[in-house]
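[1] Quick one: sequence plus predicted model below, questions after.
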Amino acid sequence: MRKGRIQFLFLAFAFVALPAYVHAAVSFTEIMYDYDGADVDWVEVQNTGTDDVDLTSLKLLVSNSTSNHTINNSSGSATLHAGDYGVIVASSVISNYTAVWGSSGNIFTASFTLPNEGGTVEINAGDKTNPMNSVTYASTQGANSDGNSLQKSASGTWTGATPTPGAAMAGQGGDGETNTGGGSAPPSNTQNQDGTKKPAAPPKITAKILTNKTGIAGVAVKFDAQVTGYMGEPLSRGKFFWNLGDGTTLDSFEKEKFEHIYRYPGDYVVVFEYADNPYKHEPDVTSRMLLPVIPSDLSISTVSQDGSVEVSNASKNEIDISGFILRTHEKSFTIPRGTILLPERKLWFDARVTGFAQSPKVELLFPDSLLSFTYEEKPAVSMTPKIAQALSVSAKATSDVLSDSTQVPHATELTASAVSTENSANAKSSSNTLLFILALAGVIGVGGAAFVFSRRKNNEKSGSVIDPDSEANAFTFLDE
């Protein structure tokens with residue numbers, strides 16, 4: 001009896017202590033792992049059970065990390081009722097997400113990234129070894145940097161399609177997914193909650209923006225739109241409106257490809273609208289995307305002696321430098337179409353191709369002739385005219401003194417030169433030498449006289465008399 005009571009109490013405690021999620025099931029329904037190169041990562045989940053689920057009580061695990069990521073509520077409700085959807089967005093790109101898809105619905109954030117080549121995402125109640133739901137995806141399944149997301153189709157397979165975060169998706173379960181949660185399967189997108197058949201969705205016009213994955217400041221970005229009608233037919237006439245995100249707008253009645261240059265780096269939201277009637281005030285369909293525009297990071301790193309020019313790309317993105325211009329003071333060279341400069345690489349333009357001669361200044365210009373970079377050799381350090389003149393005079397004076405001092409002849413030659421007047425050149429040289437000697441003698445004489453006068457004054461003060469003719473007194477200093 002005692003043993004039976006203990007078992008009963010244990011079961012009762014376990015029943016009370018078990019959390020609500022044993023009656024809940026959360027499944028992945030949509031994955032955005034590579035949004036047109038911009039990597040606005042997010043996953044969509046649905047409460048496929050019968051009980052409410054507080055999504056913030058669960059954890060997200062991605063195969064490129066060992067961390068069990070905390071899920072935080074950003075907008076909408078943290079609790080998902082049966083059949084409700086929630087979108088978990090990478091925390092670092094939540095602003096990019098809302099710029100493209102808005103902030104309506106149940107939105108959550110977590111610190112994660114999704115691998116572009118493929119990976120596994122799991123959701124659990126805190127135990128990483130026991131996932132409630134797990135999905136493995138690969139880039140070969142679709143949605144590989146083309147603006148689409150990976151979604152579960154009605155057959156249960158994962159395919160690429162236009163993103164619909166927070167909206168109804170195809171049926172749950174299927175290939176690549178292990179559903180370990182309880183609860184009954186939710187109604188498909190063709191059924192209502194009570195199991196009755198939904199009316200078929202009316203056909204609609206769809207639109208998709210076609211452009212570069214990433215823009216480069218100063219480099220033309222190509223734009224196009226893919227618009228399909230009610231029967232899936234391509235549409236090329238109507239009202240085509242573009243807002244390129246930097247204040248530039250375009251409006252036309254026919255589908256046209258065009259290019260646009262963003263002058264400054266930044267994240268630009270591009271909006272495209274289409275109406276089948278050019279005179280409609282409201283569009284039939286709107287599409288938008290986030291276009292990151294990065295600095296060009298192009299420079300001229302070296303100019304060789306023969307005039308060859310080396311151009312460097314310091315960014316982590318390859319840059320199409322077709323149409324860029326290299327220019328010296330004598331001529332210019334337009335870089336030909338299809339010239340690609342790889343990330344963190346350099347490219348030489350041979351002087352035999354450009355026709356350049358060695359130049360101290362070379363410029364790199366964008367295709368529209370806007371200056372991108374200037375290479376200019378640093379000149380050698382030069383003296384100001386006054387300093388140069390002073391150094392020149394000093395050098396000349398030093399040279400003259402050295403020249404005169406090295407030409408001092410023997411005493412006998414000086415005497416002979418002084419009395420000789422037969423050769424004018426020799427007379428002039430002797431005269432210069434004699435003047436030098438006389439000046440030197442004068443300096444010595446003045447110095448000697450000053451010395452004798454000073455000694456005499458000192459002796460007069462002390463009362464002693466010095467005999468100037470005494471040899472001993474010439475070199476003897478008397479104490480006072």
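    Noted; the coordinates are in hand.

[2] how close does Val271 sit to Glu44?
    23 Å (C-beta to C-beta, to the nearest Å). In short, each C-beta sits where N, CA and C put it, glycine included.

[3] which of the two has more neighbours?
    Neighbours per residue (other C-beta atoms under 10 Å) separate Val271 from Glu44, with Glu44 holding more: 26 against 17.

[4] Would you check that the more buried one makes contact with Leu55?
    No - counting by C-beta atoms under 8 Å, Glu44 does not reach Leu55; the two are 11.6 Å apart.

[5] Give me the common contacts of these two.
    The contact sets of Glu44 and Leu55 overlap at 86, 88 (C-beta atoms under 8 Å, 6 or more residues apart in numbering).

[6] my read is Ser95 is in a helix, agree?
    Yes - Ser95 forms part of a helix when assessed by DSSP: H, G, I helix; E, B strand; the rest coil.

[7] now the end-to-end length of stretch 328-338.
    23 Å (C-alpha to C-alpha, to the nearest Å).

[8] Hmm, I typed the wrong one, I wanted stretch 145-165.
    First-to-last residue span, stretch 145-165, C-alpha to C-alpha: 17 Å.

[9] Equivalent analysis for stretch 119-136, please.
    6 Å.

[10] got the contact list for Asp297?
    313-315.

[11] How much space separates it from Phe324?
    Taking C-beta to C-beta, one finds Asp297 at 13 Å from Phe324.

[12] same check, this time on Trp42
    37 Å.

[13] More neighbours: which of these two?
    Taking neighbours as other C-beta under 10 Å, Trp42 and Phe324 compare with Trp42 leading, 27 against 23.

[14] Show the backbone phi and psi for that one.
    phi -160, psi 160 (degrees, to the nearest 10).

[15] quick one: it and Ser92 touch, right?
    No - using C-beta under 8 Å, Trp42 is not in contact with Ser92, being 11.5 Å away.

[16] What is the neighbour count of Thr136?
    16.

[17] same question, Thr120
    Residues near Thr120, counting by other C-beta under 10 Å: 16.

[18] Just give the closest residue to it, not the sequence neighbours.
    Distances taken as C-beta to C-beta, 6 or more residues apart in numbering place Ser63 nearest to Thr120, at 4.1 Å, with adjacent residues excluded.

[19] looking at it, that neighbour is touching Glu117, isn't it?
    No - using C-beta under 8 Å as the test, Ser63 is too far from Glu117 to be in contact (11.0 Å).

[20] So the two - more neighbours on which side?
    The residue with more neighbours, out of Ser63 and Glu117, is Ser63; 14 against 11, by other C-beta under 10 Å.

[21] so what pLDDT did the more buried one get?
    Per-residue confidence (pLDDT) for Ser63: 90.
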